[in-house]
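*Asks:* The amino acid sequence is not available; the structure is as follows:
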């Protein structure tokens, strides 16, 4: 079971930047993510990254490659703790990359849901959705 | 002493996925197993799949079907503390009996994991009864 690396120092949950006037708190969460970049409804490529912060309507993450702004993207974040010691839970997010540079991309969330992913031990305790 | 033993389980139900992950981290650091849900229907559905005794349900009282969720979970997952997440509105949450309230950080508020860890530990220390009634 992995631990989430959240900074132990005090952090401001909101920082205004020149690109966007944020209206939601952003929490410093560092978790591995898998992303799927879409292009006109087709999968262009897969990749990995790590979240920098997460809010109710957006995720800032570092990606292994530059991601083009304006594109649709799907992201999967693993809830870092097994449920009932048996199955994993992933947050699946779909949205648009609203800004990006060579290291980071900001995703605006259009849809998100948790899905259980498989059974580690007990039979039928947590079936895949 | 927690109802579910040395590693109490808490269910966190909130629409804000950032706050959900943040609270999940805080309560895990406090020694809990944290289970997230984005709404009450999902929470009930998830808990039906898990055979776990809940120590606390931390919920945004503005979500629909909160009272139904608590009633349903009490039948399937035993007695637990109800912790509401406050958004500075004193009227919200008055329809459900609450053991303790956690105040959501205001926009731009300085938050620290140490402070929130203390809050989580306070939540876990609260007795599983409603003030003045002695009833769970």
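*Replies:* Structure's in. What do you need? Everything quoted here is computed from the prediction, not taken from an experiment. Numbers count the residues shown, from 1 in each chain, chains lettered A, B, ... in the order given.
*Asks:* So the worst-scoring helix or strand of chain B on mean pLDDT, near chain A or not?
*Replies:* The weakest-scoring helix or strand in chain B, judged by mean pLDDT, DSSP states H and E, is strand B:110-111 (a mean of 74). Yes. Using C-beta under 8 Å from any C-beta of the partner chain, strand B:110-111 reaches chain A at B:110, B:111. From N, CA and C alone the C-beta is placed, and that goes for glycine too.
*Asks:* That strand pairs with which strands, and in what direction?
*Replies:* In the sheet, strand B:110-111 lines up against strand A:11-12 (antiparallel) (DSSP bridges).
*Asks:* What's the first helix or strand after the partner strand?
*Replies:* On the C-terminal side of strand A:11-12, the nearest following helix or strand under DSSP states H and E is strand A:32-39.
*Asks:* mind listing what's buried in that following strand?
*Replies:* By neighbour count with 16 or more other C-beta atoms under 10 Å in any protein chain shown, strand A:32-39 contains the buried residues A:33, A:35, A:37, A:38.
*Asks:* That one pairs with which strands, and in what direction?
*Replies:* strand A:42-54 (antiparallel), strand A:72-83 (antiparallel).
*Asks:* Averaged pLDDT, the helix or strand following the shortest one. What do you get?
*Replies:* From strand A:72-83 onward toward the C-terminus, using DSSP H and E, the following helix or strand is strand A:87-100. The average of the pLDDT scores along strand A:87-100 is 93.
*Asks:* any residue of the helix or strand following strand A:87-100 up close to chain B?
*Replies:* Using DSSP H and E, the helix or strand that directly follows strand A:87-100 along the chain is strand A:104-117. Yes. Strand A:104-117 is in contact with chain B by C-beta under 8 Å from any C-beta, via A:109, A:112, A:113, A:114, A:116.
*Asks:* burial measure for the first one, as a count.
*Replies:* Close neighbours of residue A:109, defined as other C-beta atoms under 10 Å in any protein chain shown, add up to 18.
*Asks:* what's the distance between it and residue A:87?
*Replies:* Separation of residue A:109 from residue A:87 (C-beta to C-beta, to the nearest Å): 24 Å.
*Asks:* now swap in residue A:40 and tell me
*Replies:* Distance from residue A:40 to residue A:87, counting by C-beta to C-beta: 34 Å.
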